[in-house]
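Q: this one's sequence-less:
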């Protein structure tokens, strides 16, 4: 018994210190979880034996709480481990024996393990207090709802496979314009309910790709270190990249090509990934089977069209592109063998004078779909790279409820392993694009560069017929305080009438 008392004295000294800390920090968490644990306990409590154990535990617990109150009210006296031991023995009375003691230890150990597991599963994402600058969509009124905000919550790493990236440059995409009008809003709303890392529906940060520097990583990140220069692309339902900082999973990020700057690197990840998916996965083209094929890119000056034109030419195809007159020089520089200029007459009449094509890439959308089919060979294929309408955005009450249930099941079972239609946006594709850029076989096309405060002008240009390639937003460094020189460079690029092909 003396040996038991000796060990109890040691344990009680530790319990005394931890007890006061646990009471202070655990009170709020205990109250919030008590109701859930109570419901779970009701399911388990069915037999008479468990009922008896519960009554015994309740009696012991009340005595224990009474002891804690006495310890807190007379802390100097209770600091003596002998006094604590006497109080503990008094609480248990004469019922303490070796079996009861070991049973209690096992119970405390099991309870602690269960509490730890429950606490980890119910852990909530911390709410960041720091605010950063970003380009956001406040509602779904279209481009009128786009603005620059200095009240965007600072993203934080919440999963072990995530990276925090300081954005140096990000580009605008046609898809962002659709998002401003509600594209993907239903899925985005459902994912926010069931996936902690998904963004609020509104306000929503725009932008589908960016380049920057890694400033923090999760403990499971293997391929990156703090300070690495990276680029990435995100799907339509995710929070965007037009902000000073973004968080992304490791599988979405790759190292930036060494031979280009941040502005050029920001122009390729999303459109390049879409183009790669269209050519490799949908058209089944590669460097071995493309040579000699007749390929039409409609239109070759779009962000995706610029990449498709280069890849098709690199792999040996005979490439015909349609484009506005302003983009003629750019399309020729990208490798087009034949160009059809919009301003020189109806495109269909000009295409009718050419042979039909083995592969047609439609980068304009439904407006030219029939034309693409008409000028494609009978054994050929038409690939559309424009995001199509999402059925869930127009579901009624019944279908909407069923869809919400399906999303919930997917999130609970598969968690963040569901791609939700964005399987082509991954680090493997980005690594392939980076290899081509570093080898001088692929070039990003940057039309104009704006500062965040001129985002309205940037979106207007992206939505115009004059846009060629990508429009980029440059975020300045060192805390993103814009200086006069950077603003001057941005305005100068806006005034330029000819896009740059960054190599």
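A: Yes, it's here. A quick note: this is a predicted structure, and the numbers were derived from the prediction, not measured.
Q: can you pull the contacts of residue 248?
A: 162-163, 165, 232, 234 (Cβ atoms under 8 Å, 6 or more residues apart in numbering). In short, each C-beta sits where N, CA and C put it, glycine included.
Q: For the chain, spot the helix or strand the model is least confident about on average.
A: The weakest-scoring helix or strand in the chain, judged by mean pLDDT, DSSP states H and E, is helix 484-495 (a mean of 36).
Q: which of the contacts of residue 248 has the most neighbours?
A: Highest neighbour count within these, by other Cβ atoms under 10 Å: residue 232, with 32 neighbours.
Q: any idea how far the nearest residue in space to that one that is not next to it in sequence is from residue 271?
A: Setting aside the residues directly before and after it, residue 232 is nearest to residue 253 in space (Cβ to Cβ, 6 or more residues apart in numbering), at 4.5 Å. Here residue 253 is placed at a distance of 17 Å from residue 271 (Cβ to Cβ, to the nearest Å).
Q: and what of residue 383?
A: Relative to residue 271, and taking Cβ to Cβ, residue 383 is found at 14 Å.
Q: In terms of neighbours, single out the busier of those two.
A: Neighbour count, other Cβ under 10 Å: between residue 383 and residue 271, residue 271 has more, with 30 against 21.
Q: Now do the contacts for that one.
A: Counting by Cβ under 8 Å, 6+ apart, residue 271 has contacts 173, 209, 303-304, 306-307, 470.
Q: Swap in 10 Å and give it another go.
A: Taking Cβ atoms under 10 Å, 6 or more residues apart in numbering, we find residue 271 in contact with 171, 173-175, 208-209, 233, 302-308, 363, 385, 433, 444-445, 469-470.
Q: what residues are up against the residue nearest to it when sequence neighbours are not counted?
A: Spatial nearest neighbour of residue 271, chain neighbours left out: residue 303 (3.7 Å); criterion: Cβ to Cβ, 6+ apart. Residues near residue 303 by Cβ under 10 Å, 6+ apart: 171-175, 208-209, 267-268, 270-272, 274-275, 363, 385, 444-445, 447, 462, 467-471.
Q: Domain map for the chain?
A: Domain assignment of the chain by automatic domain parsing yields the ranges 2-121, 131-267+395-501, 272-384.
Q: Provide the strand pairings for whichever strand in the chain runs longest, with the direction of each partner.
A: In the chain, taking DSSP state E as the definition, the longest strand is strand 162-172. Strand pairing for strand 162-172, determined by DSSP bridges: strand 209-217 (antiparallel), strand 245-249 (antiparallel), strand 470-474 (antiparallel).
Q: so can I have TSV of the ones you listed showing distance to residue 179?
A: Below are the strands paired with strand 162-172 laid out as TSV (distance: least, Cβ to Cβ, whole Å):
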stretch	distance to residue 179
strand 209-217	14
strand 245-249	16
strand 470-474	16
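Q: which one of the ones you listed has the most crowded surroundings?
A: When you average the neighbours per residue for each of those (mean count of other Cβ atoms under 10 Å), strand 470-474 leads with a mean of 27.
Q: ok, the residue nearest to residue 271 to residue 354 distance?
A: 25 Å.
Q: How about residue 144?
A: In terms of Cβ to Cβ, residue 144 sits 41 Å off from residue 354.
Q: out of these two, which sits in the busier spot?
A: Taking other Cβ under 10 Å, residue 144 and residue 354 do not tie; residue 354 has more neighbours (13 against 10).
Q: Tell me the buried residues in the helix or strand encompassing residue 410?
A: Per DSSP states H and E: residue 410 is located in helix 397-414. By 16 or more other Cβ atoms under 10 Å, the buried positions in helix 397-414 come out as 403-404, 407, 410-411.
Q: swap in stretch 168-186?
A: Under the neighbour-count rule (16+ other Cβ under 10 Å), stretch 168-186 has 168-180, 182-186 buried.
Q: Quick check: end-to-end length of stretch 154-174?
A: 26 Å (Cα to Cα, to the nearest Å).
Q: And residue 445, its phi and psi?
A: Taking degrees, to the nearest 10, you get phi -110, psi 110 for the backbone angles of residue 445.
Q: wait, it sits on residue 470?
A: Yes - proximity of residue 445 to residue 470 meets the contact threshold set by Cβ atoms under 10 Å, at 6.4 Å.
Q: Tell me the secondary structure at residue 382.
A: strand (DSSP: H, G, I helix; E, B strand; the rest coil).
Q: Count the neighbours of it for me.
A: Neighbours around residue 382, by other Cβ under 10 Å: 20.
Q: What of residue 251?
A: Residue 251: 14 surrounding residues under other Cβ under 10 Å.
Q: measure residue 442 to residue 472 for me?
A: 17 Å.
Q: pLDDT below threshold where in the stretch 401-503 of the chain?
A: Applying pLDDT under 70 to the stretch 401-503 of the chain flags the ranges 411, 413-423, 476-503.
Q: Let's see that with 50 instead.
A: 478-498, 502-503 (pLDDT under 50).
Q: Check the stretch 101-250 of the chain too.
A: Along the stretch 101-250 of the chain, segments meeting pLDDT under 50 span 120-126.
Q: Swap in 70 and give it another go.
A: 101-108, 110, 112-129, 194-200.
Q: in it, which spans are strands?
A: Counting by DSSP state E, counting those that start in this stretch, one finds strands in the stretch 101-250 of the chain at the ranges 131-137, 146-153, 162-172, 204-205, 209-217, 229-233, 245-249.
Q: Which strands and helices lie in contact with the shortest one?
A: Same thing as strand 204-205. strand 131-137, strand 146-153 (3 or more Cβ pairs under 10 Å, 6 or more residues apart in numbering; DSSP states H and E).
Q: Which of the contacts of residue 303 fall in helices?
A: 174-175, 270-272, 274-275, 462 (DSSP state H).
Q: In JSON lines, list the residues you listed along with distance to residue 295.
A: Formatted as JSON lines, the ones in helices among the contacts of residue 303 follow (distance: Cβ to Cβ, whole Å):
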{"residue": "174", "distance to residue 295": "21"}
{"residue": "175", "distance to residue 295": "24"}
{"residue": "270", "distance to residue 295": "22"}
{"residue": "271", "distance to residue 295": "17"}
{"residue": "272", "distance to residue 295": "17"}
{"residue": "274", "distance to residue 295": "16"}
{"residue": "275", "distance to residue 295": "12"}
{"residue": "462", "distance to residue 295": "26"}
